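only geometry, no sequence info:
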């Protein structure tokens, strides 16, 4: 299994921030709008409920978007997911690789350059770095800013997504700083039109990518 071509748009789920709608409904609309990855992140659900939700999301994303499961390699394998997203306190990347074999893409969430370099050395397939901007999901987390993304890009960290407070208004700056895309929660889940929100964020990132590619071409 391979990652999509940049710029990638990842929806991270939060069923409590869906304006009363089922997360499945929001995820399906977002996938239609162009989301490349749906990351199931519902840490409080017991394993049986998490697996049931994962299976429903698998049916929504199958053939349209990748499905990642937060932390739970066992649930990812049981649901036929494409990847697992590991936190800094999760099982090590190597252990997840041994459990999932070649069938799982291994993502790793990081919050500083040192963590990113450690994840690279562990051969994670995808890094998610944040928080880039102030975020309602984690209000006590100090935003790192796009400068931190530029630092990762200069160090050759690739591929990585920015996360935290990313909206259609600032998504372009994330890509321009060198990220391969963005992971978002509320900009999609709390939108009255998740499909339109996903489409707009994706469009802003795609335009930024084209501008960056054009600037990189020698005159």
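Happy to help now that I have it. Predicted, not measured: the structure shown is a model, and the values here were computed from it.

which regions of this structure sit below the pLDDT cut-off?
Along the chain, the model assigns pLDDT under 70 to residues 217-219.

In whichever helix in it runs longest, which of the residues would be classed as buried?
As assigned by DSSP state H, the longest helix anywhere in the chain is helix 194-216. Under the neighbour-count criterion of 16 or more other Cβ atoms under 10 Å, helix 194-216 has 194-202, 204-206, 208-209, 212 buried. To be clear about C-beta, it is placed using only N, CA and C from the backbone, and glycine gets the same treatment.

who does it touch, helix- and strand-wise?
Judged by 3 or more Cβ pairs under 8 Å, 6 or more residues apart in numbering; DSSP states H and E, helix 194-216 is in contact with strand 8-12, helix 23-33, helix 171-176, strand 181-184, helix 186-189.

Make CSV from the ones you listed and add mean neighbour count to it.
Converted to CSV, the helices and strands packed on helix 194-216 look like this (neighbours: other Cβ atoms under 10 Å):
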stretch, mean neighbour count
strand 8-12, 26
helix 23-33, 22
helix 171-176, 23
strand 181-184, 29
helix 186-189, 24
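
will you turn the ones you listed into TSV that also has distance to residue 98?
Shown next, in TSV, are the helices and strands packed on helix 194-216 (distance: least, Cβ to Cβ, whole Å):
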stretch	distance to residue 98
strand 8-12	25
helix 23-33	29
helix 171-176	32
strand 181-184	26
helix 186-189	33
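
Looking at the ones you listed, spot the one closest to residue 53.
Among the helices and strands packed on helix 194-216, helix 23-33 comes nearest to residue 53, with 7.3 Å by Cβ to Cβ.

Following the chain past that closest one, name the next helix or strand.
Downstream of helix 23-33, the first helix or strand assigned by DSSP states H and E is strand 37-40.
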